[in-house]
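In: below are the sequence and a predicted model for it; my questions follow.
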Amino acid sequence: MSNAVLKRLERLPRITVLLLGLALIAAIAWVDYVTGPKLLLNVFYLLPVMFVAWVTASTAYGLLAVLATFLVGPLDAYLDGLHLYTLSVAAWNVGMRTAVFCIVLVLLAELRKLIARLQEQSLTDELTGVANRRAFLEDAAREIERSRRYRHELSLAYLDIDSFKAVNDRSGHAVGDRVLIALAGLARATARSVDTVARIGGDEFVILMPETETSAALPLAERLREACSRAVGAGTGSITCSVGLVTFVCAPNDVEELLTTADALMYEAKVAGGDCVRHARVGAAEATAADGRLLPFAPRLGA
C-alpha cells in the first residue's frame, strides 16, 4: 500500500475504517465457508485486523476486528451443521488464532511507537532538542502554501550568535554546546506555541512565525535578542546575537527566498556591530525596511 493511499485512509473516521475491516472479514469468511475445510485461510483473517489496527492507530479498534474473527469459527461450524467440529472445538481453534492475532496487535503497537520515535528523532536537532533543518524546510514549505492560499503575512527571524567561534576557542566546545542549548531554550520560551524554532546551522537558529505581521514579529525578535544578552553569556563572557527579521506581505516564491532574505538581514545586523535586529517588510515586488526605505541588499550566499 503506497504512502499516499495510506495517508488518505488515515484521514477517514475510525468507525469507517472499522466497518471496512469488518466487511473484509465477512468476505474472507464467506470464501472460507464456500471452499470448506480443505483450504486453510486463517492467515488471511490477519490482514483486515492489521489494516484496522494500523490505519486507526488504535489497538482497541484492532481488538474489535479480532473479536469479529473469533465469531467466524463457531458460526462456520454451526452453519455446517456441526459435522466436522463441535462448537467447543471450533471455539478452541479460533481461540488459538485469536491469541496469535492479539500478539500481532501488541507488536504492531510497539512498531508504531518505534516509527514515531524515529520520525521525531529525524526531525529534531540532537544537541538542542529544537527542530532541525529538515523539519524547518517541511514546516516552512507548508506555511508558505498556507500564506499563499489564505493571503496571510509570514515572518521569519534568523538568529546568529556573535563571535561564537571565539567562545569555542576561549572556553571549549563543551561550553559552546551549553550556550547553544541555552539559546535554544530561550528561543522556545520566547516563541509562541504556533511558531517553529529550528537550528539550521552550527550557531544559526530560525523562528518561523505563521500569520504574523510586523507589529507582533518585531517585539518577539527584540525580546529574544535582549534575553540572549542577559542570560546566555553567564560564565562565558559577553554573548550577543544578531537577528534578521523578514515579514512577507505576500507569500515568498519558495523556502529559499524566505531563508536568504532573512539571512541577508541578519548579515546587515552583524555588519552594524551585532546585538541588534534588522527588519524588512517584503511586499509583492520590493523589500522595504521598517522605516519605508528601499533595501538594496542582495542575498548573501554561502553564509
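Out: Done, it's in. Numbering: from 1, shown residues only.
In: can you give me the strands in the stretch 201-303 of the chain?
Out: Listed from the start of the chain, the stretch 201-303 of the chain has strands (DSSP state E, counting those that start in this stretch) covering 204-210, 241-248, 277-282, 287-289.
In: so what strands line up beside the third one?
Out: As defined by DSSP bridges, the strand partners of strand 277-282 come to strand 241-248 (parallel), strand 287-289 (antiparallel).
In: pick the most deeply packed of the ones you listed.
Out: Of all the strands paired with strand 277-282, strand 241-248 carries the top mean neighbour count, a mean of 27, counting by mean count of other Cβ atoms under 10 Å. Using the backbone N, CA and C atoms, a C-beta is placed for each residue, glycine as well.
In: low-confidence ranges, the stretch 101-250 of the chain, go.
Out: 231-237 (pLDDT under 70).
In: would you map the helices across the chain?
Out: Taking DSSP state H as the criterion, the chain contains helices spanning 3-10, 14-35, 42-56, 59-79, 87-122, 133-150, 164-171, 173-190, 214-227, 255-271.
In: and the third one with helix 3-10, angle?
Out: I take that to be helix 42-56. Inter-element angle recorded for helix 42-56 and helix 3-10: 80 degrees (by axes from the mean of the first three to the mean of the last three Cα atoms, to 10 degrees).
In: residue ranges of each domain in the protein, please.
Out: Following the assignment in automatic domain parsing, the chain carries domains at 3-122, 133-289.
In: just those: most buried one?
Out: Comparing these by mean neighbour count (mean count of other Cβ under 10 Å), domain 133-289 ranks first with a mean of 18.
In: work out the gap between it and the centre of the chain.
Out: Remark: domain 133-289 is offset 20 Å from the chain centroid, using Cα atoms, centre = their mean, to the nearest Å.
In: repeat for stretch 88-104
Out: 38 Å.
In: same question for stretch 64-74.
Out: What separates the centre of stretch 64-74 from the centre of its chain is 36 Å, taken as Cα atoms, centre = their mean.
In: so what touches that stretch?
Out: With Cβ atoms under 8 Å, 6 or more residues apart in numbering as the test, stretch 64-74 has contacts from 18, 21-22, 25, 29, 32, 45, 48-49, 52-53, 87, 90-91, 93-95, 97-98, 101-102, 105.
In: give me the mean pLDDT for that stretch.
Out: In this model, stretch 64-74 carries a mean pLDDT of 82.
In: restricting to C-alpha, output that stretch in CSV.
Out: Output of stretch 64-74 as CSV, limited to C-alpha atoms (Å, rounded to 0.1, in the frame of the first residue of the first chain):
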residue,chain,number,x,y,z
LEU,A,64,-12.8,-5.3,17.8
ALA,A,65,-11.7,-6.7,14.4
VAL,A,66,-10.1,-9.7,16.3
LEU,A,67,-13.4,-10.3,18.1
ALA,A,68,-15.1,-10.4,14.7
THR,A,69,-12.7,-13.1,13.5
PHE,A,70,-13.3,-15.0,16.7
LEU,A,71,-17.0,-15.3,16.0
VAL,A,72,-16.4,-16.6,12.5
GLY,A,73,-15.3,-20.1,13.6
PRO,A,74,-18.3,-21.0,15.8
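In: which residues does Val31 contact?
Out: Contacts of Val31 (Cβ under 8 Å, 6+ apart): Leu41.
In: need the pLDDT of it.
Out: Confidence at Val31, expressed as pLDDT, is 86.
In: which one of the strands paired with strand 277-282 lies closest to Val277?
Out: Nearest of these to Val277, taken as Cβ to Cβ: strand 241-248 at 4.4 Å.
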